[in-house]
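> coordinates only, sequence not included:
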């Protein structure tokens, strides 16, 4: 059957004909959802009962939008139209008919963290002998529970049960079928169900003829939006709902299929006509909407260039643009802060100049973890209202202290940090110096003693800390009431700030709902759950006021279905967008899918195509203007090249696409206006009249100015060199070596935290250390002396983040370097005994001052314990320097001299050419020299002697511009 190409003027008769299976295919903004809305209205106008029309959508936002738009077009009261998500439909089916299966009462739906927690509980009780050897040490780890829980969800979405998993015949999956059988039994016994199992149960119930007849019979027409995002299970649910009457209309666009990581199967679109046939056996009718109502020509052309060459079966073909031209711009910056500041400035300029409301502008990023906080700070400085990246209720300033206090009271590894946040936060409001004084006392007297001595201000906190049952032993809502009645500042916050009052009220309601779901869950347990980034169930933790004109800050995925006049696609760096990181999990979850389970090259090609579709979808959110921005820095500065997509959308080479934005924009703040006027006054090339006018504005009136005209930002007088060391200092061997090299550089970088930031070399070292720790811990837990190189390289692939190393091709080079280092280390393994410790903290008191350090590896050898320090650099110290190394000597001293030796391994020194791993050893005979060197450093730090020591290291010094021994640094000390 040929496609029906439908222009906007020809919609009405086609919309009215809702009989039989139909697939509406259209590009961005062409009206797929509007077509479904009009069809629902036409059916109701024709006498079809509203309650017999089922509208299904991918998300709650989409379902709510469908419901509202249908209602807005009807001038009558009517029964609420069932506009549902697939999950809410499944809940209704299981609730009404679960007794026909294993559910006599409606099971409680698990949130994401609750799901993982249950999997972790069951894994901890597993017999390790049932699992493949590499997984046995991981059964107690939550990260492995995350992997198994995700595997279960993805399998359920594809209707792959334990028997089907067995038939794959994969050795690494041999324990999973039995585990998932036990997991399902636990769900039934506890009356719980997860999101994946929910849809499988609904589909199973719809397979019972009587139930299918009752459910499907209630809906004479089924309208499905965003069909390209459906999973295998959801497509079968649709099939069973429409099997009797065949009155099914689905709308979708394969080029907007971007949720494969959630199980979406883009092939559902192309297979629709053959899968859903009419009563005569003919394929379903395909209706192609030809014209976009939203996206103008230039934006549409640029977006289409992104997807060129990635043809998808079942697509709509070319789409006509909306009226107008639109614009697409690309800009580059040398610092992320500059990128954020310019976006904030441009948002404000567009709002003031073009009168576009802030709510009609969006800033989209690939991930919230990198750029949005920097941008949020820039928006705050300009007082631009925006949807904050930390807009979860759990992150609200009034709620976060409550969760921090619960976490601190429960103890654990995060206790100290949580308590520190409580003391400096709105509940107590101590200064940083006061908190540090409490921390110093806590080292000697413990936290209770330190809080007792801190005075009346923290007395309520001490009482709560001393008796933590409110956080761990009672229901979370009751624990919150204890805080409310104990902390005077908490109700004060609610009384004085409407925003805080709304947040605390929402939080209280969330805890009441938690009591209904899980009466035994305490406040500390709830705090642990919401720390998980994927805990996004609304309205439990999402919090925002809807009555504010605000800029939207969100991800490209979450922007799907939204519409703006102006769209910024920010942080467009290679390695970030496209994000081509290896997503293959430890369990190889992608191999569940026939389209994702091929070789790595074909899977990477699939991933790139989906990233291109994601960028295409994001661009097509805009009606007027799209601006791409990227910060471009060298890989050594932790940066990398701009995204390859910038060249595609701009239609020019990447070097031409990355340029600074125009510098002559109109000012948007008083400070910018002052600088703008001053530049005009000082610009001799401007007409005299223009310069005089600028001077007149500057001199005429101070009412608009942030400061008097005569005030300038001057040079501050030179301050004291003392006061950098607090009352209770601590040192580490790395600090000592930095001080010994140059006290002044140490003062700036270690005490004042002034430096150029990290480097790719430092990131490489951190990566290799992390990989070795993970792999070696696994090996020791399995009874080996050290790990197998194949396993270590697999861990490296899991831990490697290309965006941290500037994206391709730089990231590829750094990954290859890490592989060479690891391969060289394990090919010529220098260890001589099993490891007995990894990344252990050791401490030493030297003349009353505490020193602390971390040991990379401790080995038990024939003559005793030996300390090993990994070095990933290429340069080797001299033998004499190693024999008197402060770092190695400290390790020996800190272990009370039970260590029989200490050494540094240099697998990064000439790997591939050396036939061994270079080693430098400490001389136990020179321990006295090291002790004296440590005393000299300690004396210099305590005396705050920050003299500059010139040397070869000056060439790499990040604070040389502040050093009086160098010409570029002397100017700062001219006064």
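That came through, no problem. Everything quoted here is computed from the prediction, not taken from an experiment. Numbering: from 1, shown residues only.

> show me the helices in the stretch 651-800 of the chain, by range?
For the stretch 651-800 of the chain, helices defined by DSSP state H, counting those that start in this stretch occupy the ranges 654-657, 670-682, 688-700, 733-741, 743-746, 760-781, 789-799.

> so residue 901 touches residue 923, yeah?
No - in this structure, residue 901 is not within contact of residue 923 by C-beta atoms under 8 Å, at 9.4 Å. Quick note: C-beta positions are derived from backbone N, CA and C, even for glycine.

> tell me the pLDDT of the residue most central in space within the chain.
Central residue of the chain (C-alpha atoms, centre = their mean): residue 369, 4.1 Å from the mean position. We have a pLDDT of 74 for residue 369.

> for it, helix, strand, or coil?
Three-state call for residue 369 (DSSP: H, G, I helix; E, B strand; the rest coil): coil.

> what about the strands in the stretch 501-650 of the chain?
Along the stretch 501-650 of the chain, counting by DSSP state E, counting those that start in this stretch, strands occupy 552-555, 564-569, 622-631.

> hmm, who's touching the shortest one?
The reference is to strand 552-555. 359, 361-368, 372, 375-376, 386-389, 559, 562, 564 (C-beta atoms under 8 Å, 6 or more residues apart in numbering).

> setting aside sequence neighbours, what's the nearest residue to residue 73?
Leaving out its chain neighbours, the residue that sits closest to residue 73 by C-beta to C-beta, 6 or more residues apart in numbering is residue 41, at 4.7 Å.

> what is the neighbour count of that neighbour?
By other C-beta atoms under 10 Å, 19 other residues sit near residue 41.

> try residue 968
Residues within reach of residue 968, counting by other C-beta under 10 Å, total 10.

> dump the residue contacts of it.
Counting by C-beta under 8 Å, 6+ apart, residue 968 makes contact with 960-961.

> tell me the phi and psi of it?
phi -70, psi -20 (degrees, to the nearest 10).

> gap between it and residue 955?
From residue 968 over to residue 955 the distance is 13 Å, taken as C-beta to C-beta, to the nearest Å.

> check the offset of the helix or strand hosting the residue nearest to residue 73 from the chain's centre.
Per DSSP states H and E, residue 41 falls inside helix 32-45. Distance of helix 32-45 from its chain centroid, counting by C-alpha atoms, centre = their mean, to the nearest Å, is 38 Å.

> against which helices or strands is that helix packed?
Packing partners of helix 32-45 (3 or more C-beta pairs under 8 Å, 6 or more residues apart in numbering; DSSP states H and E): helix 11-16, strand 22-26, strand 53-57, helix 60-72, strand 221-224, strand 248-252, strand 285-289.

> which residue ranges of the stretch 201-350 of the chain form strands?
Remark: strands assigned in the stretch 201-350 of the chain by DSSP E, counting those that start in this stretch are 221-224, 248-252, 285-289, 291-296, 320-322, 327-333.

> need the contact partners of the helix or strand that contains residue 470.
Using DSSP H and E, residue 470 sits in helix 469-472. Residues outside helix 469-472 that contact it (C-beta under 8 Å, 6+ apart) are 405-406, 409-410, 464, 478-479, 482-483, 522-525.

> same thing but at 6 Å, please
Contact with helix 469-472 is made by 406, 409-410, 479, 482, 522-524, as judged by C-beta atoms under 6 Å, 6 or more residues apart in numbering.

> ok, stretch 617-634 next?
Contacts of stretch 617-634 (C-beta under 6 Å, 6+ apart): 28, 256, 294-295, 299, 303, 326-333, 336, 339, 364, 556, 559-560, 562-570, 572-573, 639, 642, 646, 658.

> buried members of the residues you listed into PyMOL, please.
The following PyMOL line selects those of the contacts of stretch 617-634 that are buried, judged by 16 or more other C-beta atoms under 10 Å:
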select buried, resi 28+256+294+295+299+303+326+328+329+330+331+332+333+336+339+364+556+559+560+563+564+565+566+567+568+569+570+572+573+639+642+646+658
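
> dump the helices and strands packed on helix 32-45 into TSV; add distance to residue 192 as well.
Output for the helices and strands packed on helix 32-45, formatted as TSV (distance: least, C-beta to C-beta, whole Å):
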stretch	distance to residue 192
helix 11-16	43
strand 22-26	37
strand 53-57	25
helix 60-72	21
strand 221-224	29
strand 248-252	32
strand 285-289	42
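
> just send the ones you listed back as JSON lines, with distance to residue 160, mean neighbour count and mean pLDDT too.
Output for the helices and strands packed on helix 32-45, formatted as JSON lines (distance: least, C-beta to C-beta, whole Å; neighbours: other C-beta atoms under 10 Å; pLDDT from 0 to 100):
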{"stretch": "helix 11-16", "distance to residue 160": "38", "mean neighbour count": "14", "mean pLDDT": "91"}
{"stretch": "strand 22-26", "distance to residue 160": "26", "mean neighbour count": "26", "mean pLDDT": "92"}
{"stretch": "strand 53-57", "distance to residue 160": "23", "mean neighbour count": "26", "mean pLDDT": "92"}
{"stretch": "helix 60-72", "distance to residue 160": "26", "mean neighbour count": "17", "mean pLDDT": "85"}
{"stretch": "strand 221-224", "distance to residue 160": "23", "mean neighbour count": "24", "mean pLDDT": "94"}
{"stretch": "strand 248-252", "distance to residue 160": "24", "mean neighbour count": "26", "mean pLDDT": "93"}
{"stretch": "strand 285-289", "distance to residue 160": "30", "mean neighbour count": "22", "mean pLDDT": "92"}
